[in-house]
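1. Fold the stuff below for me.
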Amino acid sequence: MGKIYERIDGRLRTFIEEQPLFFTGTAPLTGDGHVNISPKGRSGSLRVLDDRTVAYLDFGGSHAETIAHLRENGRITLMWCAFTGPPNIVRVHGTGVPVYRDDPRFAELVKEFDDADAPGLRAVIVVTAKLISDTCGFAVPLMDYREERTLHAEYFGRKSDDEFASYCEGKDHVAVSLDGLPALPLPLPPRPRS
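-> Presented below is the predicted three-dimensional model:
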């Protein structure tokens, strides 16, 4: 049976930090808008900041739906599944805030991620938990983790910061979501120097 938790600590924190993959879920307020679910899995790109706060690195890609939904309403759910070991699913339901490159908090947050900070980083998403729960995960299949895919890091690693900014401006659904909501603010500001 599922349980509700007051905080992310002990067993829950360990479980979250050990998973190589998690999912984000967001949606616009309009009833006919597109619900978005995104897999996230670049190694080291998620941190539990404290017992009610989680942050992850938001890299460039095909869309910016999560950012658009957070800008509109702030609602987000993060989910981790145990694909090995005992069955378990953990969810953090909460509110999220995208912290962009030109935000004074950006540089300090990025320091939390050590080697995961990489080219193609658009924002840090900070999630404050309102409800933390786990469920059995009995129907989640057992799967073996093989290795990181390096394609994303390699692709964006070949781009200068200016080239990455141009990439963002040239992609559909980065500045504006599928439903026409404002998404990533453009032009993309340069990375702050540390």
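2. got the buried residues for the helix or strand of the chain with the lowest mean pLDDT?
-> When the helices and strands of the chain are compared on mean pLDDT, DSSP states H and E, helix 151-157 comes out lowest with a mean of 93. Judged by neighbour count (16 or more other Cβ atoms under 10 Å), helix 151-157 contains these buried residues: 152, 153, 156. Glycine gets a C-beta too; all of them are placed from N, C-alpha and C.
3. Skipping its backbone neighbours, what lies nearest the residue most central in space within the chain in space?
-> Most central in the chain under Cα atoms, centre = their mean is residue 56, positioned 4.7 Å from the mean C-alpha point. Nearest residue to residue 56, sequence neighbours excluded (Cβ to Cβ, 6 or more residues apart in numbering): residue 46, at 4.4 Å.
4. That neighbour: how many residues sit nearby?
-> Residue 46: 23 surrounding residues under other Cβ atoms under 10 Å.
5. give the contact list for it.
-> Residues near residue 46 by Cβ atoms under 8 Å, 6 or more residues apart in numbering: 16, 17, 22, 40, 54, 55, 56, 57.
6. Mind pulling up the pLDDT for it?
-> On the pLDDT scale, residue 46 is placed at 96.
7. re the thing from before, can I get the buried residues of helix 151-157 in a markdown table with distance to residue 172?
-> A markdown table is the format used below for the buried residues of helix 151-157 (distance: Cβ to Cβ, whole Å):
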| residue | distance to residue 172 |
| --- | --- |
| 152 | 19 |
| 153 | 23 |
| 156 | 18 |
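8. quick one: which of the residues you listed is nearest to residue 189?
-> Nearest to residue 189 among these: residue 156, at 16.7 Å, using Cβ to Cβ.
9. My read is that the closest one contacts residue 119, right?
-> Yes: using Cβ atoms under 8 Å, residue 156 is in contact with residue 119, at 4.5 Å.
10. Need the residues touching each of those two.
-> In contact with both residue 156 and residue 119: residue 164, using Cβ under 8 Å, 6+ apart.
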